[in-house]
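[1] Quick one, fold the following:
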Amino acid sequence: MSARRRMWMCLVAVAMMAVAPGFAAAQGWSYKDAAKPYAGRSITILDEVTPLQEHMRTLVPEFEKATGIKVDYQLLNHFEVISKGQADMLSGRGAYDAVMLHSPQMGLLLDAGVIRAIDDLLGNKALTNPGLDRADFIEPAADSLTRFRGKTYGFLNWNYNVVYWARGDLFGHPEEKAAFKKKYGYDLAPAKTLQQMRDIAEFFTRKKGEKLAGQTLDSDFYGIVMEGIKGGTTLWTVLNAFVKNFGGDIFDAEGKPTVNRPENVAAVKFWADLWKFSPPGQAEYSLIDVPTVMGNGIAAQTLAWSDFVLGIDQPGKSKLAGKFVYAGSPANAQGKKRSAETEPSGIVISKHSKQPEATYLFLQWMVDKSTQQMLFDRSGGAGVPIRTSTWALPSVKQSKFAPLYAAMQESLKYGSAKPKAPKLFEIMDVLVGLVQEVGLGKKTADQAMKEGQEKVQALCAKCTL
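    Numbering: from 1, shown residues only. Got it, this is the predicted structure:
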């Protein structure tokens, strides 16, 4: 290679590095050029407020600067995003060009015909980045969320997932390890199966005055903590982390209710049995409370949403920061299929949007590989990947959360979006109350699942679209 050619290539490389991340041209395409017809327009996006979205919000000015499109990126809490977003789309008001949806909302809004498919936009070469690489989105999350009857409804934006989370300081204590091995016949380690999780829960449940890791307890200690509130994501953790691992489900392949099948009864019974190793207030614990309990150090293990874990395993947030261990959501030792609770969520374009092209450019930019890299770099390697390529980023591989990322990656292999059932929220309300009653000992699993079958059948003989 000539010296002149080497110099020219170096100049090109320097020029490319100078381009703002996320806006480098792919095969001659750029967000700046694609946005020229829409420069000066304004769009309004409704998203959920978590640390993940807070970091994304800091990047939005980069998009505005490059495209000339003004973005009102609004963040509301979980319940307001659901209520206000759905109300806006169903009413036809159109205050939001795009709305963040959790997968349980998809059935209702697809049935109402208020989500705009993006296949025509994906097929528009002027609007779509040739380097978008949709095959890089993590599966089965992406397709199970965004694909329906041959059409595409947005992208995978947020890939919430449940991981196994435990006290590494206890698991590594010599006396505890020896005692566990003597009692159960295998080494104490993060649970790979639900049965191991049950053994660990039993083993570490101690009363005030007993010893734990060589220290006398001044209060009761619990072998496990779980979400048990009548609402939130309690039901979905029961269904996807337990019921499906037992071979059960609440619908059959045709969408008909199968709540009372034997596998469901066995799984709910197993889950409820864990309550005797849990704190007495578990019936009031939500997905927010579980990480707090773990951070306070009064339980040995849990299944928790990884994005909340990121906020606890930090210096100053918990006295145990840096002492936790993680694994993927456990399997059933006797199960033939594996399942984990995950919540793929996306931002969809409202049918009532007056700016679908400008909105599409912004949504595409949010999931762009370069934007995702900026997001992880800006957050110090604290995030939840939506792309397979993200696992290989230096900010992820070298992150202090690397063990947690390995657990996320394992859970995400086995989690899908929720069924596209228009009445899914009503079904959730029925079933979560029943499983909670089993946990509290007010009903047997058989009674609860029989009652659940009757109530769900009354809501819909065929529940999914």
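[2] Now stretch 343-363 - C-alpha only, CSV.
    Extracted in CSV, the C-alpha atoms of stretch 343-363 (Å, rounded to 0.1, in the frame of the first residue of the first chain):
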residue,chain,number,x,y,z
GLU,A,343,-41.2,-8.1,29.8
PRO,A,344,-40.2,-7.0,26.3
SER,A,345,-41.7,-3.5,25.8
GLY,A,346,-41.8,-1.2,22.8
ILE,A,347,-42.7,2.3,21.7
VAL,A,348,-45.4,2.2,19.1
ILE,A,349,-46.6,4.8,16.7
SER,A,350,-50.2,5.9,17.4
LYS,A,351,-52.6,5.6,14.5
HIS,A,352,-53.6,9.2,15.2
SER,A,353,-50.1,10.6,14.8
LYS,A,354,-49.8,13.4,12.3
GLN,A,355,-46.0,12.9,12.1
PRO,A,356,-45.5,9.2,11.5
GLU,A,357,-42.3,9.6,9.4
ALA,A,358,-40.5,11.9,11.9
THR,A,359,-41.7,9.7,14.8
TYR,A,360,-40.4,6.6,12.9
LEU,A,361,-37.0,8.2,12.5
PHE,A,362,-36.7,8.9,16.2
LEU,A,363,-37.8,5.4,17.2
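[3] buried residues in that stretch?
    Going by neighbour count (16 or more other Cβ atoms under 10 Å), the buried part of stretch 343-363 is 343-353, 355-363. In this view, the C-beta of every residue, glycine as well, is placed from N, C-alpha and C.
[4] By mean pLDDT, flag the weakest helix or strand of this structure.
    Using mean pLDDT, DSSP states H and E, helix 3-18 stands out as the lowest-scoring helix or strand of the chain, at a mean of 40.
[5] which residues touch the helix or strand just after it?
    Where DSSP states H and E defines the elements, the next helix or strand beyond helix 3-18 is helix 31-34. By Cβ atoms under 8 Å, 6 or more residues apart in numbering, the residues outside helix 31-34 that reach it are 22-23, 63, 66-67, 126-127, 129, 361, 365.
[6] Helices along the stretch 51-200 of the chain, start to end?
    Using DSSP state H, counting those that start in this stretch, the helices assigned to the stretch 51-200 of the chain run over residues 51-67, 78-91, 106-112, 119-122, 141-146, 168-171, 174-184, 194-204.
[7] Mind checking which of the buried residues of stretch 343-363 are in helices?
    356-363 (DSSP state H).
[8] Relative to Glu227, which of the contacts of helix 31-34 is nearest.
    Of all those, Glu227 sits closest to Trp365, with 34.1 Å by Cβ to Cβ.
[9] I'd say the closest one and Phe63 touch.
    Yes: with contact defined as Cβ atoms under 8 Å, Trp365 counts as touching Phe63 (5.3 Å).
[10] re the thing from before, just flag the most distant two among the contacts of helix 31-34.
    Longest span within those, Cβ to Cβ: Gly22 and Ala126, 18.5 Å.
[11] Between those two, which is the more surrounded one?
    Gly22 (20 against 10; other Cβ atoms under 10 Å).
[12] low-scoring stretches of the stretch 301-450 of the chain, by residue?
    Scanning the stretch 301-450 of the chain for pLDDT under 70 picks out no residues.
[13] One more: the stretch 1-150 of the chain?
    Using pLDDT under 70, the stretch 1-150 of the chain drops low at 1-27.
[14] one more time with 50
    1-22, 24 (pLDDT under 50).
[15] The residue nearest to Cys463 when sequence neighbours are not counted: how many residues sit nearby?
    Spatial nearest neighbour of Cys463, excluding adjacent residues (Cβ to Cβ, 6 or more residues apart in numbering): Ala421 at 4.5 Å. By the measure other Cβ under 10 Å, the count of residues near Ala421 is 26.
[16] List the contacts of Ala421.
    107, 251, 255, 427, 460, 463-465.
[17] next one: phi and psi at it?
    phi -110, psi 120 (degrees, to the nearest 10).
[18] Could you report the distance from it to Gly68?
    41 Å (Cβ to Cβ, to the nearest Å).
[19] tell me the contacts of Thr359?
    43, 45, 97-98, 349, 353.
[20] one more time with 7 Å
    43, 97-98, 349, 353 (Cβ atoms under 7 Å, 6 or more residues apart in numbering).
[21] residue boundaries of the strands in the protein?
    All strands of the chain, identified by DSSP state E, fall at 42-48, 70-76, 98-102, 147-148, 151-152, 155-167, 211-212, 215-216, 301-305, 324-328, 342-349.
[22] Nearest to Asp133 among those would be which one?
    strand 155-167 (11.5 Å).
[23] Just the C-alpha atoms of the closest one, please, in CSV.
    Taking Å, rounded to 0.1, in the frame of the first residue of the first chain, the C-alpha atoms of strand 155-167 are listed here in CSV:
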residue,chain,number,x,y,z
PHE,A,155,-39.2,-2.1,17.7
LEU,A,156,-38.0,-3.7,20.9
ASN,A,157,-37.1,-0.8,23.1
TRP,A,158,-36.9,-2.0,26.7
ASN,A,159,-36.1,-5.6,27.6
TYR,A,160,-37.0,-6.0,31.2
ASN,A,161,-36.2,-9.4,32.7
VAL,A,162,-36.2,-11.3,36.0
VAL,A,163,-33.0,-12.8,37.3
TYR,A,164,-32.0,-14.9,40.3
TRP,A,165,-30.3,-12.7,42.9
ALA,A,166,-28.6,-14.0,46.1
ARG,A,167,-26.3,-13.1,49.0
